[in-house]
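Visitor: Need coordinates for the following:
(one chain, ligands or ions: 1)
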Amino acid sequence: MSFSRRDLLGQAAVATAAVAAFPALAGDTKSLQPATTTTAPATTAAAPVATGGPFALMALPYTDVDLAPVISQNTVGFHYGKHHLGYVNKLNELVTGKDWEKKSLLDCMKGTYGTDNVGIYNNSAQTWNHDFYWQSMKKAGGGACPAGKLADAIKAAFGDQAGFATEFSKAATGQFGSGWAWLVAKDGKLSVAKTSNADNPVVLNLGTPLLVVDVWEHAYYLDYQNKRADYVTAFLDKLVNWDFAIKNFG
Ligand SMILES: [Fe+2]
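Guide: Below is the predicted model of the structure:
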């Protein structure tokens with residue numbers, strides 16, 4: 001996860017990663033055809049880049065069509081290229097000239113939680129949450145967690161994989177208004193949590209985040225309109241990146 005330019009190898013690394021996420025930049029349009037059709041035009045999307053400041057927009061770990069048809073290229077374009085980018089740009093604007101510009105994204109988020117620095121908190125937390133969200137998904141993901149330590153913990157906490165899916169969906173659909181649903185681990189035990197607006201388990205001390213689904217309307221409304229439950233079900237069935245969750249569980 002890239003938190004700030006200081007954490008990256010520099011702009012060259014950002015540019016390389018951006019090309020990986022948006023191969024159109026490298027002239028590769030064939031791989032950007034949506035999986036469900038051969039008639040849709042190749043994307044012309046260029047990888048968005050944050051404006052000046054210490055924080056960079058994380059490069060997506062896949063192309064902007066790899067989550068389709070569950071999450072369309074259009075939704076990724078707006079969600080990543082407008083909303084996520086907007087949080088990063090606003091954060092850069094707010095920290096410029098302040099001590100916060102020398103701190104990591106995580107330190108900005110934790111250091112401003114519950115303080116008067118509401119703008120820096122909201123935009124740093126939303127940047128962090130979205131970094132985590134994009135990594136919580138992968139092309140052709142979803143389904144049951146592979147056998148192993150995390151699968152055993154899911155069985156211990158929720159009975160079975162279906163029990164986890166039920167609890168996670170309940171949190172995601174039960175979150176009133178904008179927010180997030182998380183799988184978290186605390187002292188080796190798993191639970192599901194929901195958080196409002198920019199809040200997350202790190203600042204609320206709910207445990208170590210393993211997975212997240214974004215339930216702000218901008219995450220699903222273009223594809224699912226008001227059917228948040230359908231979006232969450234599709235996320236669980238077809239997109240969850242269990243490798244990421246397993247790595248976070250340790
Ligand atoms: Fe979002």
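
Visitor: For the rest of this, base every contact and every neighbour count on C-alpha atoms.
Guide: OK.

Visitor: Show the residue spans covered by the helices in the chain.
Guide: Taking DSSP state H, the helices of the chain run over residues 11-21, 73-78, 85-95, 105-112, 118-135, 149-158, 161-174, 201-204, 221-224, 228-238, 242-249.

Visitor: hmm, who's touching the last one?
Guide: Taking Cα atoms under 8 Å, 6 or more residues apart in numbering as the criterion, the residues outside helix 242-249 that touch it are Gln135, Ser136, Gly141, Gly142, Cys145, Pro146, Leu150, Ala185, Thr208, Pro209, Leu210, Leu211.

Visitor: among these, which ones are buried?
Guide: Gln135, Ser136, Gly141, Gly142, Cys145, Leu150, Ala185, Thr208, Pro209, Leu210, Leu211 (16 or more other Cα atoms under 10 Å).

Visitor: Could you tell me which of those belong to strands?
Guide: Ala185, Thr208, Pro209, Leu210, Leu211 (DSSP state E).

Visitor: one step back: out of the helices of the chain, which is closest to Lys189?
Guide: Counting by Cα to Cα, Lys189 lies closest to helix 149-158 out of those; the figure is 6.7 Å.

Visitor: Including pLDDT, could the ones in strands among the buried ones among the contacts of helix 242-249 go into TSV?
Guide: Output for those, formatted as TSV (pLDDT from 0 to 100):
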residue	pLDDT
Ala185	98
Thr208	98
Pro209	98
Leu210	98
Leu211	98
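
Visitor: where does the protein have low pLDDT?
Guide: Along the chain, segments meeting pLDDT under 70 span 1-45.

Visitor: Show me the residue at the heart of it, geometrically.
Guide: Residue closest to the average C-alpha location in the chain (Cα atoms, centre = their mean): Tyr133, at 1.5 Å.

Visitor: Test my guess that that one contacts Pro209.
Guide: No: counting by Cα atoms under 8 Å, Tyr133 stays clear of Pro209, with 10.6 Å between them.

Visitor: hey, what's in contact with both of those two?
Guide: By Cα under 8 Å, 6+ apart, no residue touches both Tyr133 and Pro209.

Visitor: pretty sure Asp199 is touching Ala125, no?
Guide: Yes: Asp199 is within contact range of Ala125, at 6.8 Å (criterion: Cα under 8 Å).

Visitor: Which one's more surrounded, the two?
Guide: Ala125 (27 against 19; other Cα atoms under 10 Å).

Visitor: Who are the contact partners of the more buried one?
Guide: Residues counted as contacts of Ala125 (Cα under 8 Å, 6+ apart) are Leu106, Met109, Ala198, Asp199, Asn200.

Visitor: how close does it sit to Gly119?
Guide: Distance of Ala125 to Gly119, given as Cα to Cα, to the nearest Å: 10 Å.

Visitor: Kindly report the same for Leu206.
Guide: 23 Å.

Visitor: One more: Thr112?
Guide: Applying Cα to Cα to Thr112 and Gly119 gives a distance of 9 Å.

Visitor: Tell me which of these two has more neighbours.
Guide: Using other Cα under 10 Å, the more surrounded residue of Thr112 and Gly119 is Thr112, with 19 against 16.
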